[in-house]
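S.K.: Have a look; sequence and predicted model below, questions after that.
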Amino acid sequence: MNRDNTLRAVLTKAPIVLVDHSDLGALVDFGRRVFERSFGHLNTPENMQAYLDQAYTLQQFSKEHAHPESRYYMIRHQDRIIAYMKINWGEAQIETFPEKSLEIQRIYVDHDYHGYGLGRRLMEHSEHIAQDMDCEYIWLGVWEQNPDSIAFYQSQGYSIFDYHIFPFGNEQQKDWLMRKWL
Ligand SMILES: CC(C)(COP(=O)(O)OP(=O)(O)OC[C@H]1O[C@@H](n2cnc3c(N)ncnc32)[C@H](O)[C@@H]1OP(=O)(O)O)[C@@H](O)C(=O)NCCC(=O)NCCS
């Protein structure tokens, strides 16, 4: 087995863990790093900094973590966080819909670990949770300038049904809303 296949085999079994309050410091660090790497080159440094300072702080993550209708999950490799996801339901969702639904608000995989099936595993995990809650669908917002993730979501059975405006620093960005019926 080559190194790639060995790593793939290890990552296939890496547990998806519910984030504890004590993990939040490391999660904020990871979240900032991966967000900046994903979108830093597509935004002004000022807007990026403003958004990170608003959304990616220990105070903000702690507040979100404490919400009874939100959960953070993560995957670790060699004691480091390599992927995480935040889901919301009920009142915690960013948009409200008439049907019972679950939102994937954030899903991020360390760039060194893309393509190993971690994103797919996190999506499947959220599906199981949504099914257990009798949700009719899972939905998410994705920046229109993020074609790789749009293609990823399409590959997982999601399709665009609407859009919303996402304030990012001094810009109003457009997010496609995508959903998968369960
Ligand atoms: C999007 C992201 C979560 C996907 O995670 P990943 O672990 O790299 O994806 P996986 O390895 O699980 O891929 C799962 C499937 O999606 C497909 N896929 C992944 N990226 C794709 C792309 N750009 N285009 C088409 N299909 C894609 C894979 O081929 C794979 O198919 P398979 O299940 O048939 O093998 C990850 O790339 C990421 O964190 N990106 C940067 C941050 C980001 O943009 N997050 C989303 C914000 S809305």
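M.R.: Cool, the structure landed.
S.K.: contacting residues around residue 141?
M.R.: 94, 95, 105, 164, 166, 175, 176, 177, 178 (Cβ atoms under 8 Å, 6 or more residues apart in numbering). C-betas here are computed from N, CA, C, even on glycine.
S.K.: and the residue of the chain found nearest the ligand, what element?
M.R.: Residue of the chain nearest the ligand, by Cβ to the nearest ligand atom: residue 119 (2.2 Å). Using DSSP states H and E, residue 119 sits within helix 118-132.
S.K.: avg pLDDT for that helix?
M.R.: Averaging pLDDT along helix 118-132 yields 98.
S.K.: Return the list of helices and strands in contact with that helix.
M.R.: strand 16-18, strand 70-77, strand 80-89, strand 101-109, strand 137-143 (3 or more Cβ pairs under 8 Å, 6 or more residues apart in numbering; DSSP states H and E).
S.K.: 6 Å instead?
M.R.: strand 80-89, strand 101-109 (3 or more Cβ pairs under 6 Å, 6 or more residues apart in numbering; DSSP states H and E).
S.K.: The least confident helix or strand in the chain by mean pLDDT and the ligand in contact?
M.R.: Every helix and strand in the chain was compared by mean pLDDT, DSSP states H and E; the lowest is helix 3-13, with a mean of 91. No: contact of helix 3-13 with the ligand (Cβ under 6 Å from any ligand atom) is absent, the minimum separation being 9.0 Å.
S.K.: Mind listing what's buried along that helix?
M.R.: Residues of helix 3-13 classed as buried: residue 11 (neighbour count, 16 or more other Cβ atoms under 10 Å).
S.K.: so what pLDDT did the residue nearest to residue 19 when sequence neighbours are not counted get?
M.R.: Nearest non-adjacent residue to residue 19, counting by Cβ to Cβ, 6 or more residues apart in numbering: residue 72, 3.7 Å away. At residue 72, the model reports a pLDDT of 98.
S.K.: Quick check: beta-bridge partners of residue 72?
M.R.: Following DSSP bridges, residue 72 is listed with bridge partners residue 86.
S.K.: Surely it touches residue 85?
M.R.: No: the pair residue 72 and residue 85 fails to qualify as a contact (Cβ atoms under 6 Å) at a distance of 7.3 Å.
S.K.: So between the two, which is more surrounded?
M.R.: Each of residue 72 and residue 85 has its neighbours counted (other Cβ atoms under 10 Å); residue 85 has more, 24 against 21.
S.K.: if I look at the more buried one, how far off is residue 165?
M.R.: To residue 165, residue 85 is 23 Å away according to Cβ to Cβ, to the nearest Å.
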